[in-house]
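Student: from the sequence below, what's the structure:
(chains A and B)
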Amino acid sequence: MKHTEKDRPARETRLEKALTPKRSRLEEFWVLFRKNRLAIAGLIIFILFFATALAGLFLTSGQNPVFDPAQIRLQEKLRPPMARANLDSLHPAEVPRLGIYIFGTDDLGRDVFARMLQGSWVSLTVGFVAVGISVFIGIFMGGIAGYFGQVLLKIDHILVSGLMVAGIAFMVTDWVLPGILLFILTAVLILYTVRLKNIAKNHARPAEFSFLEINAFSVDTLIMRIVDIMICFPSFFLILTVVALLPASIYNIMIVIGLTSWMGATRFVRAEFLSLREQDFVAAARALGVGNLRIIFRHMMPNAIAPVLVSATIGIASAILTEAGLSFLGFGVPPPHATWGNIISDGKRFIFDAPWLTFIPGISILIVVLSFNLFGEGLRDALNPKLRERH
Amino acid sequence: MLSFIGRSFVQKTITLIFVSIVSFLIIHLAPGKPSQVDPLNPKFTPEMVERFRQAFHLDKPLHVQYVYFYRDLFTGRTVSWKDNQSVLAKIWERFLNSLPLFIVGTILTWTLSFPAGIRSAIYRGGLYDRTTTFLSYLLISIPGFFFAYILIILVVTRFQVPVIGMETFGVANAAWPNVIMDRIWHLLLPSVLGATGGIAVLSRYVRSQMLEVEGQDYVRTARAKGLPPDQVHYKHALRNALLPFVTMFGLILPGLIGGSVIIESIFSWPGMGRMAYEAILARDYPVILTVNFFSAVLVLMGTFISDLMYMLVDPRIRL
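Tutor: From the prediction side, this is the model:
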């Protein structure tokens, strides 16, 4: 016993030296990723953008911000970039922090640099939160469809959940009281049947209710039909409708963009899960008695996450573009707060006199979105084993 | 084949019913009422509001409104709340305005992206390939409205032509070559803008398809037996690489009705997108819902056509 104990580490290291790959997965990925110069440029710009947005949040908010994006100086309107502030005509409190307008001023004499800083935080959070929501929903729905997809729904499940949805629908329309009653009733029914199943598994229903036991369709069918329905909506139009009808707020935009863009992630996760669940390591885990949740999150998710990560990176880019488009049309963040889209929107009337009001935010959006796209494509190439030998 | 058509017809009809329910619910459950659009207007008395609500069934419960709305839609009697005109006539008029944009944009997309994609696949890794790759990322990433302004500045200052709107005011009395040139100038920028994203995405897709096929064994065989490179590329590789694109003809259908809101409002183009945008602002629910319904129909028809084309083109596929 003692002998083997002492012997084992040496033998194991010898074995491991021969068997383990020379580089870990992450190192392998990094070696591949580093070759793609465009993707590296994207990553660097992305980090810079992140730092700028964070700095922007701290420098432009609070009682007495370092760069005040809302300070109006009508005597200094439409000054070109790098123009010196005219100290004679300004109150001491109105003088910009550095004495010059780095990006010029807009038609109300507000410092465009400060407004850009403030807007960068909006772009960043919209991108990340919207994509976070869509990835979360996508993983959830896709995971269920891929892993539990073959479970068949019975007529009674559908009836009860249909009644529950009807209850919620009643609650939001005019009949609040029947809605609440229906909702509570169905919730109790669901809890009761769950309990019932645990207590008496062989509890038989009376014959006249046997139609409740008929299998209707699978979970997979249900979820993929929901995806089909969502795809039928023209997405920008749907976002525009909802944002126009809801009160103006940045959070509404994030949520709406997130809620209308989860279909891609769902399809990716489902496809990955469908192939992974048939593989041997999952069968082995199941044979060992590992629970479903642990199989899903510990064993399958790390293998399925790569395409989701790629589509999330590119999704951030398109979410930033969508938000900029919405701000450009005048929806979204209420006016005194600056976003890159509404700086362009305000500046478009002066496009020939003050082109910087269009070009500075426009080029910033372009660079940030481009960096996300390049980074995402680099990730895709590095994570895709099929493409490795190609280049 | 017939069973596939029947099955997908039933499936798509069910999907369409759900889409109609969901869009109806989204619009009607959103906060705010259409009768409150203009609360400060002194002519908008409570009696007016009541009459308005009665005339458009807004006082009925939601499911009754739903049935009324779709009954009216299918019998072609839906009217806009804003000006009491027939919604279908309005949409048809705007559709005819958007159609030239769509046609020119589609032609540009399909004629430009194929040569670009094929060439960059053949010269993979070369200067041309790297340039077009970067350019297509640039085109995907550029915000449409910003690109629109760059192009407007360029065209207006360089060529001294008006580009906003569908035609220059009062040009209809001029000689016909001038009228035609005027229309072309006005059409050019919005359709180029509409096509940019498509060109970038499609040329990348063509490139990757072409690369995929060029790596196949039969292409290597063709090359090995000494065929001229042009014949290998265009006869052996291209024909097979084109297969997925035949099906994409179905997927451009939804573009017929989804004119771009942003581009049409920048160029003051009275198309579908602008109409939908104005309808949203005015809470003109019948117009919003009808546009939404038609675009859902087109999406479903598009996927159906592309499935069908796949079956016709590729005998390996059995649905």
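Student: tell me the helices and strands packed up against the strand or helix carrying A:Phe49.
Tutor: Element membership for A:Phe49 (DSSP states H and E) is helix A:37-60. On a contact count with 3 or more CB pairs under 8 Å, 6 or more residues apart in numbering or on different chains; DSSP states H and E, helix A:37-60 meets helix A:25-35, helix A:112-147, helix A:356-383. In short, each C-beta sits where N, CA and C put it, glycine included.
Student: can I get these in CSV with mean pLDDT, distance to B:Ser306 and mean neighbour count?
Tutor: Conversion of the helices and strands packed on helix A:37-60 to CSV gives the following (pLDDT from 0 to 100; distance: least, CB to CB, whole Å; neighbours: other CB atoms under 10 Å in any protein chain shown):
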stretch, mean pLDDT, distance to B:Ser306, mean neighbour count
helix A:25-35, 79, 34, 13
helix A:112-147, 90, 22, 23
helix A:356-383, 89, 24, 23
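Student: nearest to B:Pro31, of those?
Tutor: Nearest to B:Pro31 among these is helix A:112-147 (20.6 Å), distances taken as CB to CB.
Student: and the helices in the stretch 201-350 of chain A, which stretches?
Tutor: A:219-231, A:235-245, A:250-259, A:263-276, A:280-287, A:292-294, A:301-328, A:340-347 (DSSP state H, counting those that start in this stretch).
Student: tell me which of those sits most buried.
Tutor: helix A:340-347 (a mean of 26; mean count of other CB atoms under 10 Å in any protein chain shown).
Student: what's the angle from that helix to helix A:356-383?
Tutor: Angle, helix A:340-347 to helix A:356-383, by axes from the mean of the first three to the mean of the last three CA atoms, to 10 degrees: 150 degrees.
Student: quick revisit: nearest to chain B, of the helices of the stretch 201-350 of chain A?
Tutor: Among these, helix A:235-245 comes nearest to chain B, with 3.6 Å by CB to the nearest CB.
Student: how about the CA coordinates for the closest one, as PDB?
Tutor: C-alpha atoms of helix A:235-245 as PDB (Å, rounded to 0.1, in the frame of the first residue of the first chain):
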ATOM      1  CA  SER A 235     -37.300  42.800 -36.300                       C
ATOM      2  CA  PHE A 236     -36.400  46.500 -36.600                       C
ATOM      3  CA  PHE A 237     -40.100  47.300 -37.300                       C
ATOM      4  CA  LEU A 238     -41.100  45.300 -34.200                       C
ATOM      5  CA  ILE A 239     -38.500  47.000 -32.100                       C
ATOM      6  CA  LEU A 240     -39.600  50.400 -33.400                       C
ATOM      7  CA  THR A 241     -43.300  49.600 -32.700                       C
ATOM      8  CA  VAL A 242     -42.700  48.500 -29.100                       C
ATOM      9  CA  VAL A 243     -40.200  51.300 -28.300                       C
ATOM     10  CA  ALA A 244     -42.600  53.900 -29.800                       C
ATOM     11  CA  LEU A 245     -45.500  52.600 -27.700                       C
END
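Student: tell me which strands and helices it is in contact with?
Tutor: By 3+ CB pairs under 8 Å, 6+ apart, helix A:235-245 packs against helix A:250-259, helix A:301-328, helix B:2-29, helix B:261-266, helix B:272-281, helix B:285-313.
Student: mind redoing it with 6 Å?
Tutor: For helix A:235-245, the elements it packs on are helix A:250-259, helix B:272-281, judged by 3 or more CB pairs under 6 Å, 6 or more residues apart in numbering or on different chains; DSSP states H and E.
Student: quick one: that helix to chain centroid distance?
Tutor: 18 Å (CA atoms, centre = their mean, to the nearest Å).
Student: that one versus helix A:301-328: what angle between them?
Tutor: Using the same axes, to 10 degrees: helix A:235-245 against helix A:301-328 is 60 degrees.
Student: give me the low-pLDDT residue ranges for chain B?
Tutor: B:32-44, B:171-172, B:258-259, B:317-319 (pLDDT under 70).
Student: how about the residues of it near chain A?
Tutor: B:15, B:18-19, B:29-30, B:62, B:137, B:140-143, B:145-146, B:149, B:258, B:262, B:280, B:295-296, B:299 (CB under 6 Å from any CB of the partner chain).
Student: returning to that earlier point: JSON lines for the helices of the stretch 201-350 of chain A, including mean pLDDT and distance to B:Thr303?
Tutor: Output for the helices of the stretch 201-350 of chain A, formatted as JSON lines (pLDDT from 0 to 100; distance: least, CB to CB, whole Å):
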{"stretch": "helix A:219-231", "mean pLDDT": "88", "distance to B:Thr303": "8"}
{"stretch": "helix A:235-245", "mean pLDDT": "83", "distance to B:Thr303": "16"}
{"stretch": "helix A:250-259", "mean pLDDT": "88", "distance to B:Thr303": "22"}
{"stretch": "helix A:263-276", "mean pLDDT": "89", "distance to B:Thr303": "13"}
{"stretch": "helix A:280-287", "mean pLDDT": "91", "distance to B:Thr303": "32"}
{"stretch": "helix A:292-294", "mean pLDDT": "88", "distance to B:Thr303": "33"}
{"stretch": "helix A:301-328", "mean pLDDT": "87", "distance to B:Thr303": "20"}
{"stretch": "helix A:340-347", "mean pLDDT": "86", "distance to B:Thr303": "32"}
